[in-house]
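Chemist: could you work out the structure for the sequence below:
(one chain, ligands or ions: 1)
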Amino acid sequence: MSVAALEELAACRRCARLAAYLDQLPPARGRGRAEYWNRPVAGFGDRQARIWILGLAPGAHGANRTGRPFTGDGAGDFMYPLLYQTGLASQPSATALGDGLALRDLYISNAVKCAPPGNKPAPAEFACCRPFLAMEQAKLNRLQVVVALGRGAYDSYLRLCREQGIIQRVADYPFAHGARYRLSNGLWLVACYHTSRYNVQTGRMTAVMFLELLEAVQALAAGAAVDEHSVEQPF
Ligand code: SF4
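Modeler: Residues are numbered from 1 along each chain as shown. Next up, the predicted model:
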């Protein structure tokens, strides 16, 4: 995003429910409210990235505390060691802004930029935040693959595509882990289960699954020949 867009994002309180939630969110035990970011969390990463990982929303006590997506929470603790293993991250941990983490060929953000109660944004909040998604995408001019973590982020990205005239119907792109679709603008959209602590603890998402998906995504980004019509085949 441009500096002006980042400033607009930082000051955004368009979703009254989310702004009120952040105004009164009690900190986790042993922490103070002063340690919390408690405002919209901007995406970060390589502006020349070919891969964009799109999560749902900042975790109340993770990204909403640290001010960077997937930083300081279980989802990030699962994801960053695997991003490091595939060369997409410079280090295996993400603890705080200024911890030295850099992303290579990768940009990470969330579909909704403010932490929602219960990790559940309302449909109107997804819609309200989509202009920021459009701004992010416009800045990623080498983008090849969008990896949406979980159905919420996936559907919101598809709705953005519909708003932009790239697709006609969201229902034509059903979500399944590993499903990939070549969109009419040339980008790949890849569906992935979220890396949430719940999904990891229940075995819905495993390190092997995520690594396999990342490797396949890197191949797509590099322009590997893929049957564009086998869109519902998992990796
Ligand atoms: S979720 Fe997005 S649109 Fe809503 S207040 Fe936060 S930054 Fe603004």
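
Chemist: ok, the residue nearest to Ala89 when sequence neighbours are not counted to Tyr173 distance?
Modeler: If the residues on either side of it in the chain are set aside, Ala89 comes closest to Leu83, at 3.8 Å by C-beta to C-beta, 6 or more residues apart in numbering. C-beta here means a position set from N, CA and C on the backbone, and glycine is covered the same way. Applying C-beta to C-beta, to the nearest Å, the value for Leu83 to Tyr173 is 25 Å.

Chemist: so these two - more neighbours on which side?
Modeler: The neighbour comparison of Leu83 against Tyr173 (other C-beta atoms under 10 Å) goes to Leu83, with 26 against 20.

Chemist: so is that one in a helix, a strand, or just coil?
Modeler: Three-state call for Leu83 (DSSP: H, G, I helix; E, B strand; the rest coil): helix.

Chemist: do you know the pLDDT at it?
Modeler: The score at Leu83 is 98. That number is its pLDDT.

Chemist: quickly note the distance from it to Ile167.
Modeler: 28 Å.

Chemist: how about Val110, what does it touch?
Modeler: Not quite, residue 110 is Asn, not Val. Val41, Gly43, Leu54, Gly55, Leu56, Ala57, Pro58, Ala63, Pro69, Ala153 (C-beta atoms under 8 Å, 6 or more residues apart in numbering).

Chemist: give me the next element, helix or strand, following the lengthiest helix in the chain.
Modeler: Longest helix in the chain, counting residues (DSSP state H): helix 123-139. Once helix 123-139 ends, the next helix or strand along the chain (criterion: DSSP states H and E) is strand 145-149.

Chemist: which helices and strands does that following strand pack with?
Modeler: strand 51-55, helix 150-163, strand 188-192, helix 207-221 (3 or more C-beta pairs under 8 Å, 6 or more residues apart in numbering; DSSP states H and E).

Chemist: I'd like to know which of the ones you listed is closest to Gly118.
Modeler: helix 150-163 (12.2 Å; C-beta to C-beta).

Chemist: now that closest one: mean pLDDT?
Modeler: On average, helix 150-163 scores 98.

Chemist: and the pLDDT for the residue nearest the centre of the chain?
Modeler: Closest residue to the average C-alpha location of the chain: Leu54 at 2.1 Å, with C-alpha atoms, centre = their mean. Per-residue pLDDT puts Leu54 at 98.

Chemist: for it, name its beta-bridge partners.
Modeler: On the basis of DSSP bridges, Leu54 is bridged to Ser109, Ala148.

Chemist: need the contact list for it.
Modeler: Ile108, Ser109, Asn110, Ala111, Leu133, Val146, Val147, Ala148, Leu149, Ala153, Tyr157.

Chemist: measure the last one to the ligand for me?
Modeler: Computed with C-beta to the nearest ligand atom, to the nearest Å, the distance linking Tyr157 and the ligand is 15 Å.

Chemist: you'd agree that residue is up against Leu149?
Modeler: No - the criterion here is C-beta atoms under 8 Å, and Tyr157 misses it with Leu149 at 10.5 Å.
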